[in-house]
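Participant: here is a sequence together with a model predicted from it:
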Amino acid sequence: MEGTFINARSQKLFYRAYPAPAGATTKSTVIFHHGYGAHSGIYDADFKEMQKAGVAVFAFDAHSFGRSEPLDANLRAYVSSVDLLIDDVYSFLQEVVNKQRDMKAPLIMAGVSMGGMVAVLTVAKVPSVWAGLMLLSPSIDVPRTLILRVMIAMQSLMVPLVPSWRIVPRPTLEMVTADPQVREQLQSDPFMDLALVRVRTARCFLDGFAQIRAVQSRINLPIFAAMSPTDQACDYGKLQEFLGAVKNKDVTMSKVEGARHELLKGPEREQVLNSIIAWLTRA
């Protein structure tokens, strides 16, 4: 099922819904947030596997990504505040998910990469709504490249003067997946944004990392996390620190050796997906 909803800023956002099979008990309901430059559609096959297992999945394209507004080229991949991403999750919950989900099934917030950052801050905002947190290669923090360090040092000038400039490096497709066919698919996908990161968007992510450090000790939900220790896009050590700092110690950590950033886009997909489904359907 596909559709759109309107967020608080009057932007039309595109979503996908995968309800549990008719007549089946919904084991859990997942709101899934994609990563930077991506969109919900690249996980369609994964969501269908979860759906078959009795998991209802709802996912939307974040504003300025995928099929969501704004569509103006000058505003694509421009994120001025992480709070806007969080607000859109709650708009999605109210406008779409709560009208379709089995209210008896536990509600899980999930995210990959940038979506992992959003997921953490979303559950921290209104903890009582959520029954669990699922993180795939989450952006708890990122490696400090030379360009990023320069931007941090000069941000007082760059952010107000050139907020929309695309000059901050992003992970290459080789860092994302070892599968050349998947790389070709992502490269040719018209809804993917593979350009450099805008200055203001990068600043927004740095703010998000700081917000996570401020709230992590209050996270009191069961957590499933999966990541490769050799991930070059996000910081594995910071994920370990985060999991050690959270209040709830019901933590399932899947250390995926030898994988790259997108665990659902490489040869390890089946292993990771099976672990995800096992956690989402546990009694």
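Facilitator: All right, it came through fine. Numbers count the residues shown, from 1 in each chain.

Participant: any weak-confidence spans in the chain?
Facilitator: By pLDDT under 70, the low-scoring segments of the chain are 283.

Participant: for the spatially most central residue of it, helix, strand, or coil?
Facilitator: Central residue of the chain (C-alpha atoms, centre = their mean): Gly115, 1.6 Å from the mean position. Put simply, Gly115 is helix when judged by DSSP: H, G, I helix; E, B strand; the rest coil.

Participant: separation between it and Asp88?
Facilitator: According to C-beta to C-beta, to the nearest Å, Gly115 and Asp88 sit 12 Å apart. All C-beta spots, glycine's among them, are computed from the backbone N, C-alpha and C.

Participant: swap in Asp250?
Facilitator: Asp250 is 28 Å from Asp88, by C-beta to C-beta.

Participant: likewise for Val142?
Facilitator: Taking C-beta to C-beta, one finds Val142 at 22 Å from Asp88.

Participant: how about the strands in the chain?
Facilitator: For the chain, the strands defined by DSSP state E cover 2-6, 12-18, 28-33, 55-60, 107-112, 132-136, 166-168, 197-198, 223-227, 251-255.

Participant: distance from the chain centre to stretch 156-163, please.
Facilitator: Its chain's average C-alpha position is 26 Å from that of stretch 156-163, according to C-alpha atoms, centre = their mean, to the nearest Å.

Participant: just the endpoints, please. Distance across stretch 56-69?
Facilitator: For stretch 56-69, the first-to-last residue distance is 25 Å (C-alpha to C-alpha, to the nearest Å).

Participant: distance from the chain centre to that stretch, please.
Facilitator: The answer for stretch 56-69 is 11 Å, by C-alpha atoms, centre = their mean.

Participant: got it, and stretch 251-266?
Facilitator: Using C-alpha atoms, centre = their mean, the offset of stretch 251-266 from its chain centre is 14 Å.

Participant: which one's more surrounded, Asp250 and Asp88?
Facilitator: Asp88 (24 against 11; other C-beta atoms under 10 Å).

Participant: the more buried one: what's it in contact with?
Facilitator: Applying C-beta atoms under 8 Å, 6 or more residues apart in numbering, we find Asp88 in contact with Asn7, Ala8, Leu13, Phe60, Ala62, His63.

Participant: same question, Val256
Facilitator: Residues in contact with Val256 (C-beta under 8 Å, 6+ apart) are Ala226, Met227, Ser228, Leu263, Glu268, Gln271, Val272.

Participant: beta partners for the second one?
Facilitator: I take that to be Met227. Lys255 (DSSP bridges).

Participant: my guess is the residue nearest to the centre of the chain contacts Val30. True?
Facilitator: No: if you go by C-beta atoms under 8 Å, Gly115 and Val30 don't touch, sitting 11.7 Å apart.

Participant: where along the chain do the helices fall?
Facilitator: Secondary structure of the chain (DSSP state H): helices at 44-52, 82-92, 98-100, 114-125, 146-153, 155-161, 173-176, 180-188, 199-215, 236-245, 269-280.

Participant: ranking those by burial, who's on top?
Facilitator: Highest mean neighbour count of the helices of the chain: helix 114-125, a mean of 25 (counted as mean count of other C-beta atoms under 10 Å).

Participant: now the angle between strand 132-136 and that helix, please.
Facilitator: With axes from the mean of the first three to the mean of the last three C-alpha atoms, to 10 degrees applied, the angle from helix 114-125 to strand 132-136 works out at 160 degrees.

Participant: helix 114-125 packs against which elements?
Facilitator: Counting contacts by 3 or more C-beta pairs under 8 Å, 6 or more residues apart in numbering; DSSP states H and E, helix 114-125 packs against strand 28-33, helix 82-92, strand 107-112, strand 132-136, helix 199-215.

Participant: distance of the closest residue to His39 other than its chain neighbours relative to Tyr36?
Facilitator: The shortest distance from His39 to any non-neighbouring residue, by C-beta to C-beta, 6 or more residues apart in numbering, is to Gly66 (2.7 Å). Separation of Gly66 from Tyr36 (C-beta to C-beta): 12 Å.

Participant: check Glu2 too.
Facilitator: Counting by C-beta to C-beta, the gap from Glu2 to Tyr36 is 22 Å.
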